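Trainee: Sharing a model prediction with you, sequence too.
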Amino acid sequence: MKNHLLAPADPDRLETWVRYRNGLCRDCQATCCTLPVEVRLDDLIRMELVDPFERGEPLKLIARRLMKAGLVEHFSHKHEQFTLTRLANGDCIYLERQTRWCRIYGQRPDTCRNHPAIGPRPGHCAYRPKIS
């Protein structure tokens, strides 16, 4: 069965998400890359946004610097999580606009590495076919 026969999901309505299977990403428009991406300090270090020697600094100061640089849009002190900035159209700042591929795929955060096994609806994704 071809993936384009699947109905497009609405990222805001979990009941429309489809069960994930291998190969589904191949012709998807990367809808998951429009969801908020929560990251931790280890992710930021892997992404090379924070140097390992900054690990001892207060997270609030790191958050302030990354917010000023436009890389982080929110910081939760309680959960020690940063939310990556998204573009005006909702895309992750690391999503390549033309190809819809991640520009930092090898360094991507754990949230992205573990999707869709972990996420708003585990085992499911907000599949939307690429627009030809």
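Mentor: Everything's here; your move.
Trainee: Every contact and neighbour count from this point should use C-alpha atoms.
Mentor: OK.
Trainee: phi, psi of the nearest residue to Ile93 once chain neighbours are set aside?
Mentor: Nearest non-adjacent residue to Ile93, counting by Cα to Cα, 6 or more residues apart in numbering: Arg86, 5.3 Å away. Dihedral angles of Arg86 (phi, psi; degrees, to the nearest 10) stand at phi -120, psi 150.
Trainee: what's near enough to touch Arg86?
Mentor: Residues near Arg86 by Cα atoms under 8 Å, 6 or more residues apart in numbering: 34, 36, 73, 92-93.
Trainee: Which one of the residues you listed is nearest to Pro52?
Mentor: Glu73 (21.4 Å; Cα to Cα).
Trainee: secondary structure element for the closest one?
Mentor: strand 72-76 (DSSP states H and E).
Trainee: Show me what that strand is packed against.
Mentor: Under the contact definition 3 or more Cα pairs under 8 Å, 6 or more residues apart in numbering; DSSP states H and E, strand 72-76 sits against helix 59-68, strand 81-84.
Trainee: which intervals of this protein have sub-threshold pLDDT?
Mentor: 1-5, 132 (pLDDT under 70).
Trainee: residue ranges of the strands in the protein, please?
Mentor: 18-19, 38-39, 72-76, 81-84, 124-125 (DSSP state E).
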